[in-house]
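>>> missing the sequence, but the structure's below:
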């Protein structure tokens, strides 16, 4: 059991060293989009869709898509790039739920899958090709399915 905790601690430390900059906070306000664009030195492409807006930030360090309700709340985030995102920054107040769920996840070579009523997260890939998405099911706009977050 002690070895498992040691491996988890080392894995978390490694993830923090090699992270894709992602600053939109799940459940937070859309006001961060412009700040994220400047910080990432990214090209911003916004697409208005039925019931929400998708803001795509494209930078050399990777791509982050922020899905925002008409009321200005981030209900979903997707990423792809050479490293995993900083989950603490990405998930905001949902980070503790992520940590708790991750403790029950057995480490293998497959993707990390968390499916809970208040948080759904998929994260996979390998060095230089990571991808994933996270969303809050209760925040999905009416008529929008989780498949829209990619």
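Yep, that arrived. Everything numeric here is computed off the predicted structure, so don't read it as measured data.

>>> partner strands of the helix or strand hosting residue 66, parallel or antiparallel?
Taking DSSP states H and E as the criterion, residue 66 maps to strand 62-69. Looking at strand 62-69 with DSSP bridges, its partner strands are strand 52-59 (antiparallel), strand 74-81 (antiparallel).

>>> Need the contact partners of that strand.
Residues outside strand 62-69 that contact it (C-beta atoms under 8 Å, 6 or more residues apart in numbering): 20-22, 24, 30, 32-33, 36, 40, 42, 51-57, 74-83, 85, 130, 135, 139, 141, 148-150. For glycine as for every other residue, the C-beta is placed from the backbone atoms N, C-alpha and C.

>>> and these, which are buried?
Among these, those classed as buried by 16 or more other C-beta atoms under 10 Å are 20-22, 24, 30, 32-33, 36, 40, 42, 52-55, 57, 74-81, 83, 85, 130, 135, 139, 141, 148-149.

>>> and residue 93, what is it in contact with?
25, 27.

>>> Can you tell me the SS state at it?
Residue 93 carries the three-state label helix when classified by DSSP: H, G, I helix; E, B strand; the rest coil.

>>> swap in the one 3 residues further on?
Secondary structure state of residue 96, per three-state DSSP, is helix.

>>> Could you tell me how many residues sit around it?
As a burial measure, residue 96 scores 11 neighbours (other C-beta atoms under 10 Å).

>>> what does residue 47 give?
10.

>>> With residue 25 as the reference, measure out to the nearest residue to it once chain neighbours are set aside.
Leaving aside its chain neighbours, residue 47 sits nearest to residue 54 (4.8 Å; criterion: C-beta to C-beta, 6 or more residues apart in numbering). Residue 54 sits at a distance of 16 Å from residue 25 (criterion: C-beta to C-beta, to the nearest Å).
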